[in-house]
Each structure stands twice: as C-alpha cells, then as structure tokens.
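>>> I'd like to go over a predicted model; first the sequence, then the structure.
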Amino acid sequence: MARIVVLGAGVSGHTAATFAKHWLGDKHEVVVVSPNSKWNWIPSNIWVGVGEMKPEDVIFELAPVYKKAGIDFRQAKAVSIHPEGKEGSDRPFVTIEYTDPNKKGQTEEVEYDYLINATGPKLNFAATPGLGPDEGNSLSVCTYQHAAEANNHFQNAIERMKKGEKVKFLIGTGHGMCTCQGAAFEYIFNIEHELREAGVRDKAEIKWISNEQFLGDFGVAGLHIKWGGHIVSSKVLAESLFAERGVDWITGAHVKEVQKGKLQYELLDGTEGEETFDFAMLIPPFSGVGLKAYDKAGNDITDKVFAPNGFMKVDADYTPKPFEEWKASDWPKYYQNPDYANIFAVGIAFAPPHPISKPAKSVNGTPITPAPPRTGMPSGIIGKTVARTVCDVIEGKYSLEEVKEKGHHASMAEMGAACVASTGKSIWNGSAVALTVYPVVPDYDRFPGTGRDPEYTFGEIGLAGHWIKHILHYMFMWKAQLKPGWTLIPE
Amino acid sequence: MADYKDIQKNITPYDDKTYGTMIPGPFQRFLRTCKIWQFIRFIIINLKMLAVVSKSHH
Ligand SMILES: Cc1cc2nc3c(=O)[nH]c(=O)nc-3n(C[C@H](O)[C@H](O)[C@H](O)COP(=O)(O)OP(=O)(O)OC[C@H]3O[C@@H](n4cnc5c(N)ncnc54)[C@H](O)[C@@H]3O)c2cc1C
C-alpha cells in the first residue's frame, strides 16, 4: 500500500487529493494535512467583501467530505520535510503541528511515499510596514474572514456617504512585488457597482494603485484580443473600463508604508508620492509558507529544496537570464522536485522560473514588477495532472525516474486559462470581464508579437460574464464537496 | 440609455490617461446588459472557454 501525503487543501491540493483517492480507491492511502477546518472558494471572497455573499456561502467543513471520500485528514500545518528520513529509517516524512482544537500544538511525523506540496501562498503583509488588517491599516479580501471584515468597513462607508460625507477608496496592491492584481481589479469594480446601486456613487472617490507597468498587465504581461476588427491590448481595454466608470489610477507603484488614512509610495521614475484614503484594500505580496527541509543527518537543506522566496523548486529552468532570453520551455511541466523525485509542488506552491511580466526597477533600484499569478484554473489542472502522474507511478505504469518522459504534463506555457473577473454582482444589472488566454505564459517563438494565440485569447465585458461567474461559484462548491457528478466538472 | 454627452464627462483634454482611451457608447452599453444578446454571448463564451479548457489538459 502506497501513501500519498498532500500538504494543503486549497484549489490545487484538494483537487490532487480527491482525484488521487478517486483513481486509487482503497488500495492506497491519501492523507491531507491542512491547517484550516474549512474549504474556501476564494474567488467568491470578492462578493463577501461587498456584502453580496455571506462567509458561509463560500466555505464548507472539510472533515465530512474527506471522511466520505476515504481520505485521512489531519487538521494541522506542515512544518518541515525530511525527504531522506532520519537516523535509523529511510522512510521520508513530514513533521506536522496540529491546529485541530482537540490536539492543538501536538506534533507528529507523517511518513510518505509520495508528497504533493500544495501549501499555496503566505500572505506576506509584513513586507510593507502598516499593511494588512491584523496589525496594519489596510483591508484585505484574501481570506473569507478578511473579506467579511472589509465588508463591515464598506457598509459603514456607505452609511457615511448616505449622510452626505465624501469617502475615498484606494484599492490595489500593497507592495512592488505583488501578484493577484485580478482580485483587486474585481474588488474595485464591485465596490464601484455597489456604490452606484446604493445611490451614493457621487460621494465616492475611487482610485487604483498597483505595481503593474501599465494598467491591464495583470502580472501576465497583459494580453491582446481581437476586438472590433483590431488586435487590442488589455492596456486599452482596462483604461477604457476605468475611464468609463470614473476610476482614477496610479501604476508602477511600490507601496512603501501604510499609515492610518494615508500611504507612501515610490514610482518607477523614482518619484515618491502620498495618497490619503478612508478605505484601502491592498493585496499583500505572496511568499512560500516557510516550510523547512532537513537531510538524513538533520542538516538544514531548505535552500536546496526551496527557492529564496520560499516556493518549492521543481523541473523549471531557474538559470537567471534577461527577459529577452526567457523561453516558454523554462516553465515546469511535471512539477517534480529535481533532487527528490517523489516530491511534487502544485498550484502556487511551486517556484516559477521568473516573472511573466517584464521586470522593472525604479531608478532608485526598487524592483516594481508583478510576480506571476497562478489562478484557479492552472492550479486545479496542475493538481489533477500531478495526481494522475503519481497514480500512474503507483500503478506501475512507469517509474519516478521516467516521469519526465512518460508523465502527464501541464506547463503554464502550454496551458490556457479561462478567467471571469466580476465587475458587479447582480442577475440583471451585473457584469464581468470574461476572458481566455492561451497560453498563460506568452510564447513569443510560437506567437511572435503578442506571445498568444489570437484564436484562443479573447475577452469581453457584459452580463453573460456575470452569469458564468455566478454559475461557476455553485459548480466549484458542488465539485469540491464531491457531490454527484463532481468528476465531470472541469477544472 | 446614457447618451454620448453623459459618457464624455469622464474625459479630460490632454490628460494622459482618459484622453488616450476609448469609452463605450450608448449602444455598446446597451448590448452589455441586453438579456437576449447576453444570452447568445453566454452560449458563445462557454463554448470558447470549453475549447481553451480542452486544449489545456495533456
Ligand atoms: C481574493 C482572491 C480572488 C481570486 N479570484 C480568482 C478568480 O476569480 N479566478 C481564479 O482563477 N483565481 C482566483 N484567485 C486565485 C486562486 O484563489 C488561486 O489560484 C488558488 O487558490 C491557488 O490554489 P492553491 O491550492 O495553490 O493555494 P490555496 O488555494 O491558497 O491553498 C493553499 C492551502 O494550503 C494550506 N496551507 C498553508 N500553509 C500550510 C502548511 N504549512 N501546511 C499545510 N497546509 C498549508 C492552506 O490552508 C490552504 O488550504 C483569487 C485569489 C484571491 C486571493
């Protein structure tokens, strides 16, 4: 009997664990280690953040679902990986620390045959002084709890506006190296939509601040779509939407510090500025969750297994090289650790070889470049693909050493993504930007100029996009709860 | 339906942001929430997305 241990029960880890168990049945063991008792459909946190959904609409308890599936769930956080075992045992293991209230603080060694690291991001609020809802002066929608708190402030702001007060909203990224601009984009337009619905739009000043070199970069070097007989850049389309909705913007900004009601930033041209706000929602930068790794003798090999940003090294080409030399083939295909063939990293947990957007530094040398996003669809596909490969190895179809010839692959440079960015939630008045991009990582050799296939890269804004986003919410909540037909719902 | 005069108000002459972009006119805006048209787009967008999804599994 083989044992797969999956660290993290987010989009990627949950997909990997549930499919692995589905394919392997009772002949093999699947263990999931994750610190939260609940699963969260993170994309819908945006709607929690404006009061259009309640936290309980976007979460469910994991334990009953895993029990039904026959998955061994440990509500705990992984602390360290020991890929060579320890004195007296060659069996690799992870050390976990329980967060389960019944066993809180207890530690345990969980042995594995195959390890899938799907620990996602650490929300690194500490990178910017004063950033974040817990110890700082800004709000967040990255977790359902943060989103619920943001909504309390939002409802309060609406009340103030109804009494005639002016309120300034500042929304975007809270550091020069942030990713996930899409989430901030959705939030700013949901705020704008809700304020119009509440009849107080004229009392609000709404401003975007982000580290993108241009509006519409989104950390994927922007994209070009066929539109009205032209090929149009997402810069034009994003600017069009911001101008249409009367939303001002600052781009190329590294937020240096967030104080109560104001923040300081540095721009790419080296100038510094200050913005005041009544309400700020700023996405933090992401890093790895801080797992450590040790060899058999107990020496710290974290630097060998993880990149400096804390994400796990996989089969990518990590040789530093200038933007002009980046290749689609730099991106990992199998997500297998180069030193330990039975360890894989999926979703946000793997270290990308380089950003997707062209790197930029301010004239003072401050890096101001979006880090590469790994949205839900690639995270789900990668999780499922790696689970398939591991199951094939367990079933003896090929060995771990043959994964790179025979394994299933899911390079972000060979994969498309369908994204639906909400710009207002309402069945008849809502809208969303529905777009597809293929491939996610531009391949300038295959598609000179824009790096993407114009047949499969498209986008438009409208009510249909909202319907799709809303239906996807229910579909993915259904799928994640393993309700009838769940395997038929695509990632 | 909003008219062009209303739509123009967010453009400032020689402003490096709003003066260089395009703003959807009344008909475009109407189409974005026209139920019949959006139902047709709903079908088309879903088909396009399914095509991208199927190209992404190897
Ligand atoms: C506000 C917001 C809106 C978004 N909207 C969209 C959208 O509309 N469309 C889209 O495609 N994507 C969207 N995304 C991105 C999407 O949420 C991510 O792509 C996806 O969640 C990544 O999946 P993951 O499994 O890698 O990480 P996560 O989903 O973050 O899961 C990580 C898991 O690891 C667990 N974990 C953390 N530390 C440890 C540890 N030490 N040991 C064990 N487990 C650990 C966590 O508790 C969690 O269960 C959005 C993201 C945000 C923040």
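That came in fine, so what should we check first? Residues are numbered from 1 along each chain as shown, chains lettered A, B, ... in the order given.

>>> helix, strand or coil for the residue nearest to A:Pro490 when sequence neighbours are not counted?
Beyond its immediate neighbours in the sequence, the residue positioned closest to A:Pro490 (CB to CB, 6 or more residues apart in numbering or on different chains) is B:Val53, lying 5.0 Å away. Backbone N, C-alpha and C define where each C-beta goes, glycine included. Local secondary structure at B:Val53 is given as helix here, using DSSP: H, G, I helix; E, B strand; the rest coil.

>>> quick one: B:Val53 from A:Leu215, how far?
Distance, B:Val53 to A:Leu215, by CB to CB, to the nearest Å: 28 Å.

>>> list the contacts of A:Asn137.
For A:Asn137, the set of contacting residues under the criterion of CB atoms under 8 Å, 6 or more residues apart in numbering or on different chains consists of A:Gly130, A:Leu131, A:Val258, A:Gln259, A:Lys260, A:Gly261, A:Ala280.

>>> before we move on, back to that, so B:Val53 and A:Leu215 - more neighbours on which side?
When neighbours are counted by other CB atoms under 10 Å in any protein chain shown, A:Leu215 comes out ahead of the other of B:Val53 and A:Leu215, with 25 against 18.

>>> tell me which helix or strand the more buried one sits in.
Using DSSP states H and E, no element contains A:Leu215; it sits outside every helix and strand.

>>> for A:Ser411, same thing?
For A:Ser411, there is no helix or strand it lies in under DSSP H and E.

>>> would you mind naming what in chain A lies close to the ligand?
Residues of chain A found near the ligand (CB under 6 Å from any ligand atom) are A:7-13, A:33-36, A:42-43, A:45-46, A:77-78, A:118-121, A:141-142, A:180, A:183, A:289, A:347-349, A:374-377, A:379, A:419.

>>> return only those of these found close to chain B.
With CB under 8 Å from any CB of the partner chain as the criterion, the subset of the residues of chain A next to the ligand in contact with chain B comprises A:Met377.

>>> close to chain A: what parts of chain B are there?
Residues of chain B that fall close to chain A, judged by CB under 8 Å from any CB: B:7, B:10-11, B:17-18, B:20-24, B:31-33, B:35, B:38-39, B:41-42, B:45-46, B:48-53, B:55-58.

>>> how about a cut-off of 7 Å?
By the rule CB under 7 Å from any CB of the partner chain, the part of chain B lying against chain A is B:10-11, B:17-18, B:21-24, B:32-33, B:38, B:41-42, B:45-46, B:48-49, B:51-53, B:55-58.

>>> give the contact list for A:Val314.
Neighbour list for A:Val314: A:Pro332, A:Tyr335, A:Gln336, A:Asn337, A:Ala345, A:Phe350, A:Ala351 [criterion: CB atoms under 7 Å, 6 or more residues apart in numbering or on different chains].

>>> can I have the buried ones of the residues of chain A next to the ligand as a ChimeraX selection?
A single ChimeraX command selects the buried members of those (16 or more other CB atoms under 10 Å in any protein chain shown):
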select /A:7,8,9,10,11,12,13,33,34,35,36,42,43,45,46,77,78,118,119,120,121,141,142,180,183,289,347,348,349,374,375,376,377,379,419
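
>>> in strands, which of the residues of chain A next to the ligand fall?
A:Leu7, A:Val33, A:Ser34, A:Lys77, A:Ala78, A:Cys419 (DSSP state E).

>>> before we move on, back to that, which among the residues of chain B next to chain A end up buried?
With burial judged by 16+ other CB under 10 Å, the buried subset of the residues of chain B next to chain A is B:10, B:18, B:21, B:23-24, B:32-33, B:38, B:41-42, B:45-46, B:48-49, B:51-53, B:55-56.

>>> okay, and the residue lying closest to A:Ala198 once chain neighbours are set aside sits in which element?
Spatially, and ignoring its direct neighbours in sequence, A:Ala198 is nearest to A:Ile158 (5.2 Å; CB to CB, 6+ apart). A:Ile158 is located in helix A:144-162, with elements delineated by DSSP H and E.

>>> quick one, the next helix or strand after that helix and helix A:144-162 angle?
Where DSSP H and E defines the elements, the next helix or strand beyond helix A:144-162 is strand A:167-173. Put simply, strand A:167-173 runs at 150 degrees to helix A:144-162, going by axes from the mean of the first three to the mean of the last three CA atoms, to 10 degrees.

>>> which outside residues touch strand A:167-173?
By CB under 7 Å, 6+ apart, the surrounding residues in contact with strand A:167-173 are A:157, A:160-161, A:181, A:184, A:187-188, A:191, A:203-211, A:275-283.

>>> what is the mean pLDDT for it?
The pLDDT scores in strand A:167-173 average 98.

>>> give the pairing partners of that strand; include direction for each.
Sheet neighbours of strand A:167-173, with direction, are listed as strand A:204-209 (parallel), strand A:279-283 (parallel) (DSSP bridges).

>>> sweet, I'm off.
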